[in-house]
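> how would this look folded up:
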Amino acid sequence: MKPMGPIPPEFADQTGALMIAGRSAADWAEAGTPVFVYDPGIVAARVARFRAALPGIDLHYAIKANPLAAWLAMVAPMVDGLDVASGGELSKALVEKPAGAISFAGPGKRDAELEAAIAAGATINLESEGEAGRALAIADRTGVVPRLAVRVNPDVELKGSGMKMGGRASPFGIDAERVPTLVRHLVASGADWRGFHIYAGSQALDAEAIVATQDATLALAGRLAGAAGAMPPVVNLGGGFGVPYFANDRAVDVERIGAALSEAIAGSALQAAGTRFAIELGRWLVAEAGVYLTRVVDVKDSRGERFIVCDGGLNHQLAASGNFGTVVRRNYPIAVAGRMGEAAETTPVSVVGPLCTPLDRLGDQDALPPVEAGDLIAVFLAGAYGASASPGGFLGHPAAREVVARG
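Below is the predicted model:
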């Protein structure tokens, strides 16, 4: 048998029928499977924890984690800002927040996207000098003062992160040594310079690594501001807070991060200049708030192995299949939704989807209670990078439903 990750604490101690936001998984699945069920109450608890641990730090939601409109409508009022990475996400964000609370990052922004962001008044996190030139030209043509920040490719990386975005050549951001020249150019152009966006990596669980990276980020922001001769109105420290997907993962110590960040900011030249600080989070806010429910269609044995065949798979939950940035495939936490807390059988089982590819595997040699056709399999940590990050059109199977629980 192969180990799986820890079931999120909101569900880990349940017995019998899995309950999500006060209703059973069977109830949520009654209208059809596969289905994602999202619980805003779990997000509210994450936000409250963040506010307590990091007072005075603005909290932004990176909507690429889960851009479902109904979900965004529930999450947006809980946070201070929204971070987007496309014109499509910008349109969704503008429904929920004023443009001044929206920042637009990502390489390869089209001119039409830049123009839409400038016209709306959203902050553009510039990824290159070329993008800066295009944004300034659009602003000159349209007569609108653009809100422009500089995304910095830092000279440090977030150690232990799942995806490193700093300390190396990168399509993301402008190399730190070239930033002061660009900032001076933006200020001289009459643009509304909004500060720095410095993102070194994501999906980190080591609080000490995050603390060290934030210390380096603050120092870098101070050096860049001094070299540019302009103090930043905002420093977006990125995010990086991970969630425990796999065996032996431990939840990140947000309180330790908050205490260290408060100490690092206190008395700094940036704080004295009135700089605001923001952290953008996606999966840490929403991943554990989602559960993917898929129904067992068949149970079959083949050459000494047992396969649980379900009506959904990597077409809806690519990340759980190990095909979304994971080098070595490891098991997400899953459960038989009607048998929470029951002892596992001695024979391991592999949970697979309906697709004609061996990659379509949600659980590999897992330990589960007895499973029969018609049962529901619950895949946890499905609130981030689930439906929208998966190849839903592959092989033409139906899309999964997405349901937001309401109080």
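> So which bits of the helix or strand hosting Ala225 are buried?
Assigning secondary structure by DSSP states H and E places Ala225 in helix 207-228. The neighbour-count check on helix 207-228 (16 or more other C-beta atoms under 10 Å) flags 207, 209-211, 213-214, 216-218, 220-222, 224-225, 228 as buried. To be clear about C-beta, it is placed using only N, CA and C from the backbone, and glycine gets the same treatment.
> Just flag the most distant two among those.
In terms of C-beta to C-beta, these reach their longest pairwise distance at Ala207 and Ala228, which sit 31.1 Å apart.
> In the chain, what helix or strand scores lowest on average pLDDT?
Using mean pLDDT, DSSP states H and E, the weakest-scoring helix or strand in the chain turns out to be strand 163-164, at a mean of 46.
> Quickly list the domain ranges of the protein.
Domain segmentation of the chain under automatic domain parsing yields 9-38+287-404, 67-281.
> Compare these and give me the one nearest Phe50.
Each of the domains of the chain was checked against Phe50 via C-beta to C-beta, and the shortest separation belongs to domain 67-281, namely 6.7 Å.
> Look at Ser161 and report its pLDDT.
Residue-level confidence at Ser161 comes out at 41, pLDDT.
> right, and Arg339 touches Pro369 too?
Yes - taking C-beta atoms under 8 Å as the contact criterion, Arg339 and Pro369 are neighbours in contact, 4.3 Å apart.
> of these two, who's got more company?
For Arg339 against Pro369, the residue with the higher neighbour count under other C-beta atoms under 10 Å is Arg339, and the figures read 19 against 16.
> List the residues that contact the more buried one.
Contacts here follow C-beta atoms under 8 Å, 6 or more residues apart in numbering; on that basis Arg339 touches 16, 369-370, 375.
> Repeat that for Pro146.
118, 124, 135-136, 138-139, 191-192.
> Show the buried residues in those residues.
Neighbour-count burial within the contacts of Pro146 applies to 118, 124, 135-136, 138-139, 191; the criterion is 16+ other C-beta under 10 Å.
> Nearest spatial neighbour of Ala269, chain-adjacent residues omitted?
Using C-beta to C-beta, 6 or more residues apart in numbering and skipping the chain neighbours, the partner closest in space to Ala269 is Gly222 (5.8 Å).
> Can you check the pLDDT for that neighbour?
Gly222 is assigned a pLDDT of 95 by the prediction.
> how far away is it from Thr213?
Taken as C-beta to C-beta, to the nearest Å, the spacing of Gly222 relative to Thr213 amounts to 15 Å.
> Repeat that for Glu129.
In this structure, Glu129 lies at 25 Å from Thr213, with C-beta to C-beta as the measure.
> What of Asn331?
Counting by C-beta to C-beta, the gap from Asn331 to Thr213 is 28 Å.
> repeat for Ser262
Distance of Ser262 to Thr213, given as C-beta to C-beta: 16 Å.
> Ala48 too?
Computed as C-beta to C-beta, the Ala48 to Thr213 distance reads 25 Å.
> same deal with Pro398?
Counting by C-beta to C-beta, the gap from Pro398 to Thr213 is 42 Å.
> Which neighbouring elements make contact with the helix or strand Leu293 falls within?
When elements are assigned from DSSP H and E, Leu293 belongs to strand 290-302. For strand 290-302, the elements it packs on are helix 25-29, strand 35-38, strand 305-310, strand 376-379, judged by 3 or more C-beta pairs under 8 Å, 6 or more residues apart in numbering; DSSP states H and E.
> Please convert the ones you listed to a markdown table, extending it with distance to Ala76, mean neighbour count and mean pLDDT.
Formatted as a markdown table, those follow (distance: least, C-beta to C-beta, whole Å; neighbours: other C-beta atoms under 10 Å; pLDDT from 0 to 100):
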| stretch | distance to Ala76 | mean neighbour count | mean pLDDT |
| --- | --- | --- | --- |
| helix 25-29 | 23 | 19 | 98 |
| strand 35-38 | 14 | 24 | 98 |
| strand 305-310 | 33 | 18 | 97 |
| strand 376-379 | 26 | 26 | 98 |
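> between those, which one is nearest to Gly173?
strand 35-38 (31.2 Å).
> so how far is the next helix or strand along the chain from the closest one from its chain's centroid?
Scanning forward in sequence from strand 35-38, with DSSP H and E defining helices and strands, the next element found is helix 40-53. For helix 40-53, the distance from its own C-alpha centre to the chain's C-alpha centre is 15 Å (C-alpha atoms, centre = their mean, to the nearest Å).
> Buried residues in helix 40-53, which are they?
Under the neighbour-count criterion of 16+ other C-beta under 10 Å, helix 40-53 has 40, 42-44, 46-47, 50, 53 buried.
> right, and the helix or strand after that helix?
On the C-terminal side of helix 40-53, the closest following helix or strand by DSSP H and E is strand 58-62.
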